[in-house]
Structure formats: C-alpha cells, structure tokens
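[1] just a sequence and a predicted model for now, questions to come.
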Amino acid sequence: MSDANRPPPTLHWVGPVIAWAIIMCALVGVVLLGVYGSGDLRFGGALGLAAVMLLTLAFGLVGVADEPPLMRLVAGAAFMFLALMFFLSFVDLVTRIRYH
Amino acid sequence: MTDAIASFGDAEPSREHEETGSYLESHGGGLSEWLLTTDHKRIAILYALLVTFFFFIGGTAATLIRLELFSPTATFLTDDGYNRVFTVHGIVMVWFFLVPLIPTTLGNFLLPLMIGAPDVAFPKLNLASWYLTLIGGLFVLGATLMGGVDTGWTFYPPYSTVYSNSNVAIAVLGVIIAGFGTIATGVNFVTTTHTLRCPGMTWFRLPLMVWGLYTVSLVMILATPVLAMTLVLVVADRWFGLPVFDGFRGGDPVLFQHLFWFYSHPAVYIMILPAFGVVSEVIACFARRRVFGYAAMVYAMLAIAIIGFAVWGHHMFVAGQSTFANLVFSFLTFIIAVPSAIKVFNWTATLYRGQITFEAPMLYTLGFVGLFTVGGMTGLFLASIPVDIQVTGTYFVIAHFHYVMVGGAVSAYFAGLHFWWPKITGRLYPESWARFAAYLMFFGFNFTFFPQFILGYLGMPRRYHVYPPEFHTWNVMSSTGAVVLAAAYLMPLFYLGWSLVYGQASPANPWNATGLEWKTTSPPPKHNFATMPIVDEDPYNYHDVRIGPEAERRDIDSVRAAPGLTPNNGRRSP
Amino acid sequence: MSESAINASAGIALPDPLREPWSDIARQREAATFGMWLFLMSEMLFFGAVFMAFSFTRALNVAEFQHAARHTEIVYGAPNTFVLVTSSLAMTIAVRAANIANRRLCARLLGATAILGFVFLVIKGLEYKDDLEHHLYPTLHFALGHNATQIFWAFYWIMTGIHAFHLTVGVGLVSRLTWLVHRNQLSLRSPQLEVTSLYWHLVDAFWIVLFPVLYVMGRG
C-alpha cells in the first residue's frame, strides 16, 4: 500500500482551540451582560452572543463546513421547521385580543 | 482499501453460500431466532403481529363504543367508563396501529427489497424500535388494565394535568417511548434510502412506495420529538406538580394544543403518505400503465410532508386561538389540498386507457381512492372556519378523519397486504374470498361512517354515549354498519391464515409487476438478492413509453378476441 | 490504511468495525454519520419544542419571568458553560487523534471529555441543592409566590433536567469508548467515535442556548 510511505499525519488542533477561545470570550460577554447589562441590551446581547457561541461550536468544533452538503441540509432543515413552529405559534400569540 | 469504490456487498462468496433458503427458514434457534433477529423481513413480521394485536385491542374498544351507541340511553357503560373506552380506542389506534401500520410492516419488508439492498442501514436499531413500540404498548395496556385513561387521546390540559383521576402519566409515558421507536424507524429508513440504493437506482427511478416511505420518515423524525417534549411537560405537570399549562399560575393550555398539533397534524400525513405509496404501486400494476406524472407524484408527496407542518392551527379554531391566526391556518390548510388533489387526479389519469383488472388489491385500492377523496373533501369543509365552527366536536369530524385514516390508510394497508402477500409468505391467497372481503369492507365502512357525517351535521357531539332520540336512527345505522365492518376485518385473518398452510406456492412475480422486489424469489432469501441487482429502466415500465397505451390496448383487444386466452396478459387468472 | 496495518504487524487482534449490511467501512461511516445527523435534527426539534413553550409563556408573563430569573445563580451556570465547552474541545481533538491513528492521545482526550462531563453534573447537582434550599422548586413552599414565576422555575427544572439526562447518557457513552479505545478493543476507524462526538456537541449546543436563556436573558 502506498499509504505506508506517506509522512505520519499531523494533528490539527489549532482550529478547535481558536474556536474554543472565541466561545470563551463570548461566554465572558454573556456573564458581563448578566451582571451589568439591563433591559433590551441584555435581552438582545445575550441572544446575539448565544448565536455567536452556537455558530462557533458548529463550524469550529463540529466542523459543519467540512461535512457533506447533505448533512448541512439536515441541520438547516431542523432550523427551518423550528422557525415554522415558532413563527406560526407566535402569530396566534401576538394577534390575540387581551381583555385585561 | 481497494474495495472503497464499491458501494456495498457485491455478493461475496461466503454470503452466497448461505443464500440457499428463504428468510422464513428456521436455523434451529427457536423463538430467539425471531425475537433477536436483525433481518428487516422478520422484523416486519414481528411488527405485523404487534400492530394486528393492537388493532384488535383498539377494535374491541370501537365495538364497545358502537354497541353502547345502539341505544340513546346508557346501557352497559357508565359515563366514566365510556370516556375510558374511547380513550383507549384513540390512543391504541393512533399510536400503536395507524402510525406504525404501513411503514413498519410493509415498509420494513419492502424498502430494502425495492432499492436492491440486503437490509436496512441499521439492522440492530430496527429491532430496537420494535422493542420500543412493544414497551410503549405495554405501558398503555398497563394503564388500561389499571383502570384506564379518561382524557381522550389528545391529553388536553388542564384536564389531563390537574383534574383527571386516571392513569394519564403511564399512558403518556407509553406514547413517549413508542415515539422514540418511531423516530428510530424514520432515521433508519432515510439513511437506507440515501446510502443503500443499488447501482442504477437513481432518485427518480425509485418506486413511489419508496418515496412514500422516505417522506413519511422525514415527518416522523421532525414531528415526533415535539410530541415527546409536549408529553414530557404533561408528565412534569402531573407527577411533579409543575405549572407549565396551569392557567391559574400564568400558563396557557392553548400552548399545549399548539405543540400537540404541531405533531398530531403531521401524524395524519404519517398515516397517509405510505398509503399513497402502496396505492401508486397497485394502480400501476393492475392498470398495466406507467404512473401518470411520476415526478409530480414525488413533488406532491414532498410538498405534503413539508406543508403538513404549517396547518396545525385548524384544530384550534375554537380553542381561543386568535382570529387572525385562524385565517392564516385556514388559508394554509386550503393550500395543502392542492398536492393531495394532484395525487388523486394522477391516479385517475393512470387508470385512463389502462387495461384494468379487478383483483383484490385493486379493489381495496379503488376503495381507497374514493374514500380518501371523500375524506379529503370534507377536510376542506373543516378548513373553512364558518363550517368548522358549526361542526366542531361533532360526528362530522369523526366521520371525516375515519374516512381518511380507516377508509384511506387501512384500505391501502389491506391493498398492500394482499398485493405483497405472495412475496412475503410465498403463498397465493384465495382470490374470491379476498375480493368478497374487499367489497364487504368498502360497504361496511360507508355503512358505518357515512351516517356520521349526517349525525355531525345535525349536531350530535362526539364523546357522548347518551344522546337525544332524534339521532337514534342514524346511530343504529352506524352501529349496524360497524358489525359488517368488523366481520370484514376478521375475514382476512381466516383466509390469509388458511393460505399460509394450504395456499398454492407463489412464483417470484405472480402479478407480472415491475419493481426489484419481484425479481427475487418468493419468499426472498435472507440477503434478498443472490446477486446485486442493477437497474437500467424507469419505474413502472409496463409499456413502452414511445408506443403508449393505445398500441398496448389494440394488443390486448386482439388477445381478448382470441378464444381460450385470458385477457390479463398471462397473469394468474381470477 | 495505516492503523489496521500497524495493528496487524503488532499482532493485536482488533474486532472488525464492519457491520452488516455493509462491505465497505467508508460507506458505513458515512451512513452512521448521516443517521446521527438525522437523530440530531430530531433532537433539535425535541429541545426546540421546550424553547418554544418557554418563549411563548415568557411572552405572556414578561414581568414575572424577569423577577424569577433574578434568582438563578450565574456563579454555577458560567463555570459549567466553561466546563462543557472545554469538554467539547477535548472531544473534537480526540476524534482528530483517532483519525491520525494516535490511540493513546485519543483515549486520554476521551477520558478528559467524560471527566469534564461528570464535573458538569456535579456542579449542577450542587446548584440543584442550593436551589432547593432557597425553595425554588415550584410547589406549595415556593419562595416567590403563587404566580407565573413558578412557570419560569418549572422550565428551569425541566430544561436543565432533560439536559442533564442527555449529558448522563453522553458520559456513559464516552466512558465506554474511553475504556474500549484504551483496552485496544475498538478500531479507531469505527463510526462510533464520530457519532458519539456529534451527540456530545449537540448536548453542549443545548447548554449554550440554555445558559443565556435561563441565567441571563430572562432578567432583561
């Protein structure tokens, strides 16, 4: 087998560590928001930072970009159906008449 | 790794050696050979036994309901007892009969055969899902034996979480467990379809049965977890006193209905999508025609699978949902009628100019098309808000969904069961008995459920066993029909059972049908195919696409004119 | 490929990772990964449903949810996030170590992953104990009264409880893999490593959303 003649493969660990560091920074941000933030800043900021952490996890640690397109489609489909569930349920909630 | 190019199992010599016997042949392992099998065909049979068992549990409950309704006054059931009986009927029939019905029995058996694979992608997981369904079913049976559940199959809070004094949580746990079995089946089927198709079996050469199983698996994977979580919240409320759906502490019971119907409306498509697949196979075979608009059929199934997730609010028109949301859901519900209609029109167009013969599977299938159309059309009535508000919670709704689920899904199951019975068992069933049962089932079904449309329109509410005398006639009609229907359902048990022992041995392809499953022996060997099949033609290649059915028809006419020849192209004569 | 060749020359008999109906390990791995992604899709809907229920109820009771969320302890939540994300890092590098046939490193990192998961559960247990001492379990003796604050805390217990259940399963799976890899009883080309890693990341991802939602966002 020609594989045996190849140089020993190296461990690519830098990418995941960078991703981990980014998530840690975002975590510090979330904690700071939790302690010092207020109102809409805390609401939006925490949501935004959560999205950053999630995306970094997906691309940096899970390596979604390296997966075949089909897997990305599957992951995307889950979000689509979640969005559908949230959207149509909230269509009901926000258009209800409140009597109090 | 030189074998990295080959996709899978190109018939190694060691494997061919064990291919001699059929999958039914015993290897001396006794019962454990079946209970620990990972062969998709044997698991299909395990599932068939399980769902048949649950069909008779649910059927017994249905019989009690109809017997009780013979009379406008209470006869042998108390109010509470009646609640428990219709709840068992609902839970068992929905989750332990209709949802697993076609995918886990016919689907498990046929999916690998139809795509030319030796088994499903995860054979052990396949067996595990059977056990999950079994355990879930035992929970529900346990809850029933301990006194039953009185919430109705929908488990609406706050009744189910706070007030009900019955075994709600145990039944709910059973449904959750069986749900994970359903998810496992879905994951298995989708992976199998993606990774195990034989050479030449491209996506648009898949039989529509495979498309039906594929789309239904997607719905199972996406919808079932939402039900699981919703029911977890119910158990949390019930056992741990949490207030998630408690209106007195700020919770919203309507939220439960959103989550519940986010699953339970797609669940209707879980029941009907594989039925679409069966029907497409049978109609093409017995009309000797290519399926009309194959690609449109595929896209219609995908569209139904996706849009099915956006219509759930039509179950909540009177539940306190906002008027605006009602309009949105009503509109979306009308939209989903379009792909359903495409399918019905395409089946009809497939029949057009075909050489139709009326063997039992075809009779069941034609019954399906008619009953599903009635069920679908009355669904449009219910999608329309003014009509729905009038008939909410009446027998109109009951009749509607029984037309879709029983007239539709169960008819299709019997069509498929008869169609593939020679392949599954290697025996031919007695045709005239089967035809008689098909006619009787169609007649009994309409006899039972058509009066319920009228009852509902007149205002008879569901879930009551004491009713005003003006409804008496229609209820007696319906209950009498139920007796006929019950007899029709019992018949296959006898003549199919008889055929297992006395039936004539079946050739590999008794219907002269297309499809890979007919290219292997009946019953198939353990690994399905002695050599790897290779596909080089379109599905439903019943006639040359360039010549068209006209020429074929002239052909058949000349055959009909010749004395002593059967008109059905050399297939088994009736 | 190298690993089986190395092991064969070293005289170690590894169990064949190939399972029916496959005859090709690459294809089998692809199918296992795809199957896992489908399960993850299902799990996303599973957790998505409870997030929907949370958001829906919060929109009905904003003030009560804000009040209730002030009683969560970020002192537990933040370190736990740190622990769990670090475990995901270990898991990722463990799979990469397996892909280059470094069995020793793979076993160690898998072990680290399992231990970090366990540490998370311990911290969570301490937090639960603290919550119970503050009467933050929504029953009769609930600290914040008979109102919608109870629902926030109901979601707190349900969501973290289900997450902890998933994590417990994950710790079990990873511990088993650690043992098998360490004892040379699992081929590094087995699809189990990749599949378990995907599951682990998913459980981590749920926590990443849970943490801001329960500990931070609810206050805003």
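    Cool, got the structure.
[2] please, where are all the helices along chain C?
    C:2-10, C:25-60, C:62-69, C:74-99, C:103-133, C:149-182, C:191-211 (DSSP state H).
[3] reformat those into a markdown table and put distance to A:M71 and mean neighbour count next to each item.
    To be clear about C-beta, it is placed using only N, CA and C from the backbone, and glycine gets the same treatment. Formatted as a markdown table, these follow (distance: least, Cβ to Cβ, whole Å; neighbours: other Cβ atoms under 10 Å in any protein chain shown):
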| stretch | distance to A:M71 | mean neighbour count |
| --- | --- | --- |
| helix C:2-10 | 24 | 13 |
| helix C:25-60 | 5 | 22 |
| helix C:62-69 | 35 | 20 |
| helix C:74-99 | 15 | 22 |
| helix C:103-133 | 22 | 18 |
| helix C:149-182 | 20 | 21 |
| helix C:191-211 | 9 | 23 |
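[4] out of those helices, which gets nearest to B:Q390?
    Among those, the nearest to B:Q390 by Cβ to Cβ is helix C:25-60 (29.3 Å).
[5] you'd agree A:I22 is up against A:G60?
    Yes: using Cβ atoms under 8 Å, A:I22 is in contact with A:G60, at 7.0 Å.
[6] sorry, back to before: with B:F358 as the reference, name the closest of the helices of chain C.
    Closest to B:F358 of the helices of chain C, according to Cβ to Cβ: helix C:25-60, at 40.8 Å.
[7] how about B:F529: what's its closest non-neighbour residue?
    Distance criterion Cβ to Cβ, 6 or more residues apart in numbering or on different chains; nearest residue to B:F529, sequence neighbours excluded, is B:T520 at 5.3 Å.
[8] surely that neighbour forms part of a strand?
    No: read with DSSP: H, G, I helix; E, B strand; the rest coil, B:T520 is coil and lies in no strand.
[9] show me what contacts it?
    B:113, B:508, B:528-530 (Cβ atoms under 8 Å, 6 or more residues apart in numbering or on different chains).
[10] list the contacts of the closest residue to B:N167 other than its chain neighbours.
    Beyond its immediate neighbours in the sequence, the residue positioned closest to B:N167 (Cβ to Cβ, 6+ apart) is B:A143, lying 3.9 Å away. Listed by Cβ under 8 Å, 6+ apart, the contact set of B:A143 reads B:149, B:166-168, B:170-171, B:174.
[11] what's the farthest-apart pair in these?
    Within the contacts of B:A143, two members stand farthest from each other by Cβ to Cβ: B:S166 and B:G174, at 13.6 Å.
[12] helices of the stretch 201-350 of chain B, residue ranges please.
    With DSSP state H, counting those that start in this stretch, the ranges of helices along the stretch 201-350 of chain B come out as B:208-240, B:253-287, B:294-307, B:323-351.
[13] how far off helix C:25-60 does the helix or strand harbouring B:G142 point, in degrees?
    Using DSSP states H and E, B:G142 maps to helix B:123-145. Inter-element angle recorded for helix B:123-145 and helix C:25-60: 40 degrees (by axes from the mean of the first three to the mean of the last three Cα atoms, to 10 degrees).
[14] state the next helix or strand along the chain beyond helix B:123-145.
    helix B:168-195.
[15] show me what that next one is packed against.
    helix B:99-102, helix B:108-115, helix B:123-145, helix B:208-240, helix C:25-60 (3 or more Cβ pairs under 8 Å, 6 or more residues apart in numbering or on different chains; DSSP states H and E).
[16] want to throw the ones you listed into JSON lines with mean pLDDT?
    What follows is the helices and strands packed on helix B:168-195, written out as JSON lines (pLDDT from 0 to 100):
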{"stretch": "helix B:99-102", "mean pLDDT": "96"}
{"stretch": "helix B:108-115", "mean pLDDT": "96"}
{"stretch": "helix B:123-145", "mean pLDDT": "96"}
{"stretch": "helix B:208-240", "mean pLDDT": "96"}
{"stretch": "helix C:25-60", "mean pLDDT": "93"}
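[17] and the nearest residue to B:T521 once chain neighbours are set aside, what does it touch?
    Counting by Cβ to Cβ, 6+ apart, B:T521 lies nearest to B:A508, which is 5.4 Å off, once chain neighbours are set aside. By Cβ under 8 Å, 6+ apart, the residues touching B:A508 are B:518-522.
[18] can I assume B:A508 sits in a helix?
    No: B:A508 is assigned coil when assessed by three-state DSSP, not a helix.
[19] so A:I22 and A:G60 - more neighbours on which side?
    More neighbours surround A:G60 than the other of A:I22 and A:G60, with 22 against 16 (other Cβ atoms under 10 Å in any protein chain shown).
[20] how about the more buried one, secondary structure?
    A:G60 carries the three-state label helix when classified by three-state DSSP.
[21] list the contacts for it?
    Each residue near A:G60 by Cβ under 8 Å, 6+ apart is listed here: A:15-16, A:18-20, A:22-23.
[22] among the residues you listed, which lie within strands?
    Residues of the contacts of A:G60 located in strands (DSSP state E): none.
[23] who wins for neighbours among those residues?
    Neighbour counts for these (other Cβ under 10 Å) peak at A:I23, which has 27 neighbours.
[24] show me the shaky parts of chain A.
    Confidence mapping of chain A against pLDDT under 70 gives the ranges A:1-8, A:99-100.
[25] grab the longest helix from it for me.
    helix A:69-94.
[26] from the contact counts, what lies against that helix?
    Looks like helix A:69-94 contacts helix B:208-240, helix B:253-287, helix B:323-351, helix C:25-60 (3+ Cβ pairs under 8 Å, 6+ apart).
[27] and these as TSV, adding distance to chain A?
    Output for the helices and strands packed on helix A:69-94, formatted as TSV (distance: least, Cβ to the nearest Cβ, whole Å):
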stretch	distance to chain A
helix B:208-240	5
helix B:253-287	5
helix B:323-351	4
helix C:25-60	4
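[28] any chance of these in a markdown table with distance to B:T154 as columns?
    Shown next, in a markdown table, are the helices and strands packed on helix A:69-94 (distance: least, Cβ to Cβ, whole Å):
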| stretch | distance to B:T154 |
| --- | --- |
| helix B:208-240 | 11 |
| helix B:253-287 | 6 |
| helix B:323-351 | 17 |
| helix C:25-60 | 16 |
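[29] among these, which is nearest C:M159?
    helix C:25-60 (5.8 Å).
[30] is chain B contacted by the closest one?
    Yes: interface with chain B: helix C:25-60 contributes C:25-27, C:30-32, C:34-35, C:38-39, C:41-43, C:45-50, C:52-53, C:56-57, C:60 (Cβ under 8 Å from any Cβ of the partner chain).
[31] on contacts alone, who are the packing partners of that helix?
    Where contact means 3+ Cβ pairs under 8 Å, 6+ apart, helix C:25-60 is packed against helix A:69-94, helix B:168-195, helix B:208-240, helix B:253-287, helix C:149-182, helix C:191-211.
[32] what's the angle from that helix to helix B:208-240?
    Calculated by the same axes, to 10 degrees, helix C:25-60 forms an angle of 50 degrees with helix B:208-240.
[33] now the angle from helix C:25-60 to helix C:149-182?
    Interaxial angle of helix C:25-60 relative to helix C:149-182 (the same axes, to 10 degrees): 170 degrees.
[34] starting at the chain centroid, how far to helix C:25-60?
    Between the centre of helix C:25-60 and the centre of its chain there are 13 Å (Cα atoms, centre = their mean, to the nearest Å).
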